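> No letters, just coordinates:
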């Protein structure tokens, strides 16, 4: 799961959303100095990643990409799954995607002082290019994959993965839909225990 799914699966608490959003850059127990709800978001993020990476449906999606992209296949599928969440947003939320995203950007601004430096540095680009809404189109996904490929010094070749997204579009969408129903239930349950 990538940014949009992590934020969505956090429920309505802004600090849990923020913790979940910035968790990738926080190692081990470095999260313990954050406010309690941010800590919950970080722990939820770790749970979601573990659940996702070991799920048979997710693995089926990554297997389709593994020969070409190797260990980057999982990263690509995370982004592809965010595409289907954004594209089918009305199925998962009564709130328009644009409003949901705008509220999240506001909460980042309102809680700027508790964000990691990495998140503070990422924010302007993310907001200016409206990454979370851009996930809705294959062009938006192409742009994100190209940026990520550049960060890997073009080793990952992720910029080309939109080819597989288009070729196996129906298969990926079906897999996402089945997987995300289970993921939503698991995340909701986990939130109650944090």
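It's in. As the structure is a prediction and not an experimental result, all values here were calculated from the model.

> Mind pulling the model confidence for residue 27?
Looking at residue 27, its pLDDT stands at 88.

> Checking it next. Helix, strand or coil?
coil (DSSP: H, G, I helix; E, B strand; the rest coil).

> backbone phi and psi for it, please?
phi -100, psi 150 (degrees, to the nearest 10).

> Okay, buried residues for the longest helix along the chain please.
Longest helix in the chain by number of residues (criterion: DSSP state H): helix 169-193. Buried positions in helix 169-193, judged by neighbour count with 16 or more other C-beta atoms under 10 Å: 172-173, 175-176, 179-180, 183, 186-187, 190-191. Backbone N, C-alpha and C define where each C-beta goes, glycine included.

> ok, now stretch 88-104?
89, 92, 97, 100-101, 104.

> Would you point out the most distant pair within those residues?
Farthest-apart pair in those is 92 and 104; separation 14.9 Å (C-beta to C-beta).

> now the longest helix of the chain, how far from the chain's geometric center?
13 Å (C-alpha atoms, centre = their mean, to the nearest Å).

> Show the average pLDDT along it.
pLDDT averaged over helix 169-193 gives 98.

> swap in stretch 69-77?
On average, stretch 69-77 scores 95.

> count of residues packed around the closest residue to residue 176 other than its chain neighbours?
Leaving aside its chain neighbours, residue 176 sits nearest to residue 84 (4.1 Å; criterion: C-beta to C-beta, 6 or more residues apart in numbering). With neighbours defined by other C-beta atoms under 10 Å, the count for residue 84 comes to 23.

> I figured residue 84 hits residue 173, correct?
Yes - between residue 84 and residue 173 there is a contact under C-beta atoms under 8 Å: 5.3 Å.

> picking that back up, ok, so of the buried residues of helix 169-193, who is nearest residue 67?
Using C-beta to C-beta, the buried residues of helix 169-193 come closest to residue 67 at residue 172, 16.2 Å.

> Now do the helices in the protein.
Counting by DSSP H, the helices of the chain are 3-8, 14-22, 36-53, 56-69, 73-87, 89-92, 97-110, 117-128, 131-134, 138-151, 162-167, 169-193.

> got the angle for the third one vs helix 73-87?
Relative orientation of helix 36-53 with respect to helix 73-87: 110 degrees, computed using axes from the mean of the first three to the mean of the last three C-alpha atoms, to 10 degrees.
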